[in-house]
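J.: Starting from these lines, generate the structure:
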Amino acid sequence: MLSEDYPKPYQIKQVEYCEISDLDIPSGSGGINKEGYTFGQLRRQPIIQELVNNLYHPKVHQFAELCNQRNSQSAFKMYKVDGEYCFWNLRVGPIVCTPTEPDLRIILEQNSLTAEALEQKRVTPRMIRDITYDLLRREVALQCNVTVKQASHIIGNELDCAPHEDASGYIFMVPNWAHNWFRHDGYVSIILKELNR
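T.: You can find the predicted model right below:
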């Protein structure tokens, strides 16, 4: 049921299709989808035309177009993979491996504040996201030949996306309307349990 390029399919235990009406209008958290597009429209063009029209950087424009082309051919369907929403077909731009638990421990130990939190088993979601979001911003900056600060602006403002740490082991951009509408846990909650155990 998932796309052929979904990573590590051999690790999946269960896939569940989520039936959602094309007439539903994603809304709520943070004023998402103020334009009032229906799910039926967004699943065929995840990056709305108003945003695409204002993308001047050729690489950023390519990120948006590739996501839209993928979903215009086979409209996005939401699945749960092992109980978590799967945003794989809504990914925009580069994908980056999320750190494993041992890798995260090494990174957290390099800063006195996070090293103390790790030792006391008080690592917070924000501490993990500061690391993973930075990995994605740096990759976007590299591919677009811009600064990390500019990459952050590209992700949140120009593309209206959010970094998403996926249970598949990757972080990538996902349109805000979907990321906020489909409430989920995933990588951060899983890795926190390990770090704070």
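J.: and the helix or strand of the chain with the lowest mean pLDDT, how far out from the chain's middle?
T.: Using mean pLDDT, DSSP states H and E, helix 187-195 stands out as the lowest-scoring helix or strand of the chain, at a mean of 89. For helix 187-195, the separation from the chain centroid amounts to 17 Å (computed by CA atoms, centre = their mean, to the nearest Å).
J.: low-scoring pLDDT stretches of the protein, where are they?
T.: Across the chain, the ranges flagged by pLDDT under 70 are 1.
J.: all strands for it, in order.
T.: All strands of the chain, identified by DSSP state E, fall at 15-17, 79-81, 84-86, 92-97, 161-165, 170-175.
J.: Helices of this structure, start to end?
T.: Along the chain, counting by DSSP state H, helices occupy 39-42, 49-52, 58-73, 101-108, 112-119, 125-144, 148-153, 176-181, 187-195.
J.: Any idea which of these gets closest to Gly30?
T.: With CB to CB, the closest approach to Gly30 among the helices of the chain belongs to helix 176-181: 5.7 Å. C-beta: built from backbone N, CA, C; applies to glycine.
J.: now the residue nearest the centre of the chain, nearest residue through space, not along the chain?
T.: Centroid-nearest residue in the chain, with CA atoms, centre = their mean: His164, separated by 2.3 Å. Closest residue in space to His164, ignoring its immediate chain neighbours: Val174 at 4.2 Å, by CB to CB, 6 or more residues apart in numbering.
J.: who's in contact with that neighbour?
T.: Taking CB atoms under 8 Å, 6 or more residues apart in numbering as the criterion, Val174 is in contact with 87, 90-92, 161-164.
J.: again, only this time at 6 Å
T.: 87, 90, 161-162, 164 (CB atoms under 6 Å, 6 or more residues apart in numbering).
J.: Out of the residues you listed, flag the one nearest to Ala115.
T.: Nearest to Ala115 out of these is His164 (CB to CB; 26.9 Å).
J.: how deep is Ser29 tucked in, by neighbour count?
T.: A count of nearby residues for Ser29, using other CB atoms under 10 Å, gives 12.
J.: measure the residue nearest to His164 to Gln45 for me?
T.: Distance, Val174 to Gln45, using CB to CB, to the nearest Å: 15 Å.
J.: ok, back up a step: quick one: buried residues of the least confident helix or strand of the chain?
T.: When burial is assessed from 16 or more other CB atoms under 10 Å, helix 187-195 yields the following buried residues: 187-188, 191-192, 195.
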